[in-house]
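> sharing a model prediction with you, sequence too.
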Amino acid sequence: MDKQEQFSGTAEVREQHRFDEHRLLAWMQDHVEGFAGPLHVEQFKGGQSNPTYKLVTPGQNYVLRRKPPGELLASAHAVDREYRVISALYRTGFPVARTFGLCTDASVIGTWFYVMECVEGRVIWDTRFPDVTRAQRPAYYDAMNQALARLHSVDFVALGLADFGRTGNYFERQIGRWSRQYLADGTAGRIAAMDRLVEWLPAHIPPGDESAIVHGDYRCDNMIFHPTEPRVLAVLDWELSTLGHPLADFTYHLMMYRMPPGITAGLVGADLADLNIPREADYVAAYCARTGREPLGELGFYFAFNMFRLAAIFHGIRGRVVRGTAASAHARHMASFTEPLADMAWQQAEATGR
């Protein structure tokens, strides 16, 4: 079963994610303008860390996104932050779903949640866009590029999001955060490439500092495309969004060109010319033109940073697997990518020649 089949659509609500639907119905009646039941609840199959549900009614479908049940870190799964940034961006015409309400009363369904419109379209899980015609693939890539460039051009101060995150020294702060997390988790073991990156990255941060709204996980499977046209209708999954350096966000997205398909939905090994997918250099040039940037030079630091960040995340998962607190097969599978990712990150650093 491929990812398209595995993660697309909805299924019955999983046992651990069930809640009192009658209490939700009452909340919807009181807080969602124009809502009318009856209400039927399904759960999206896609792998969001925040459980996401389709709310089906005779007149309109909605989406509910909630914190997962159980003990959580105070800053994790901040659905209120998602709700805030989506609501603000919607007012600008940026492609996000319209929001209808945020509930911070955990007694309703057990955790905080928010409700937004259900945008009907297609989610594409494979960066090769296998179900899209060869002639249309460049337009789909251009649509992704355009949406991200537009996000990074939004005036976040004018939107009332000046306090949505810290500004300045983004790379320094992020490298410090993930380095500390990696070094603190002795259970998962030390990795030579990670040790080298902990030293190399802070010494090679490129000059120039800027801030923008960053998505944090911008990939083709985190957006809804028009059912038949190469057009982004809604960008999804804003859990990692904050204020940060736009080039960190852009190069995270750009990693699809330098990642193998086994770790993420990468393009390494794909024949881009045969698939009619734009080359990395052309994709970068299009982003620069849209954002008014001078052509970007060496990108090795940015790729090393983003791969290091991913490796640190997987290293943390490996620690939980070793300690027996994340024993699922999926967690073990992700943990197995820690060394390969760290090695790829160091290869990017070495390629800079610095």
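Now that the structure is in, tell me what you want to look at. Please read these numbers as outputs of a predicted model, since none were measured by experiment.

> with adjacent residues omitted, what lies nearest to the residue most central in space within the chain?
Relative to the mean C-alpha position of the chain, the nearest C-alpha, by C-alpha atoms, centre = their mean, is the one of Asp217, at 2.3 Å. Computed as C-beta to C-beta, 6 or more residues apart in numbering, the closest residue to Asp217 that is not its neighbour in sequence is Leu240, at 5.1 Å. No exception for glycine: its C-beta is placed from N, CA and C like everyone else's.

> on the three-state scheme, that neighbour is what?
Per DSSP: H, G, I helix; E, B strand; the rest coil, the secondary structure class of Leu240 is coil.

> mind listing what it touches?
215-217 (C-beta atoms under 8 Å, 6 or more residues apart in numbering).

> also Val56?
Each residue near Val56 by C-beta under 8 Å, 6+ apart is listed here: 39-42.

> could you list the low-pLDDT ranges of the stretch 1-150 of the chain?
Counting by pLDDT under 70, the stretch 1-150 of the chain contains low-confidence ranges at 1-8, 46-49, 69-77.

> redo that, cut-off 90
For the stretch 1-150 of the chain, the stretches with pLDDT under 90 are 1-20, 37, 44-52, 67-78, 111.

> do a quick rundown of the helices in it.
Secondary structure of the stretch 1-150 of the chain, counting by DSSP state H, counting those that start in this stretch: helices at 3-7, 21-31, 79-90, 137-152.

> reformat those as TSV; add mean neighbour count and distance to Asn276.
Putting the helices of the stretch 1-150 of the chain into TSV (neighbours: other C-beta atoms under 10 Å; distance: least, C-beta to C-beta, whole Å) gives the following:
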stretch	mean neighbour count	distance to Asn276
helix 3-7	14	19
helix 21-31	15	45
helix 79-90	20	31
helix 137-152	20	5
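
> for those, give me CSV that also has distance to His315.
Compiled in CSV, the helices of the stretch 1-150 of the chain are given as follows (distance: least, C-beta to C-beta, whole Å):
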stretch, distance to His315
helix 3-7, 24
helix 21-31, 38
helix 79-90, 25
helix 137-152, 27
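
> for the lengthiest helix in the chain, packing partners?
In the chain, taking DSSP state H as the definition, the longest helix is helix 300-323. Of the remaining helices and strands, those touching helix 300-323 by 3 or more C-beta pairs under 8 Å, 6 or more residues apart in numbering; DSSP states H and E are helix 170-184, helix 192-203, helix 246-254, helix 329-335, helix 338-351.

> can you say which of those helices is nearest to Met144?
Closest approach to Met144 among the helices and strands packed on helix 300-323 (C-beta to C-beta): helix 246-254, 7.5 Å.

> angle of the closest one against helix 170-184?
60 degrees (axes from the mean of the first three to the mean of the last three C-alpha atoms, to 10 degrees).

> let me see the mean pLDDT of helix 246-254.
The predicted model gives helix 246-254 an average pLDDT of 97.

> count residues in the vicinity of the closest residue to Asp20 other than its chain neighbours, would you?
Nearest in space to Asp20, with sequence neighbours left out and distances taken as C-beta to C-beta, 6+ apart, is Ile109 at 6.6 Å. Counted by other C-beta atoms under 10 Å, the residues lying close to Ile109 total 23.

> likewise for the one 5 residues further on?
Tyr114 sits with 22 neighbouring residues when counted by other C-beta under 10 Å.

> just to revisit the earlier point, for Gly266, find the nearest of the helices of the stretch 1-150 of the chain.
It's helix 3-7; of these, that one is closest to Gly266 (C-beta to C-beta) at 12.6 Å.

> correct me, but the residue nearest to the centre of the chain touches Glu239?
Yes - the pair Asp217 / Glu239 is scored as a contact, 7.4 Å apart, by C-beta atoms under 8 Å.
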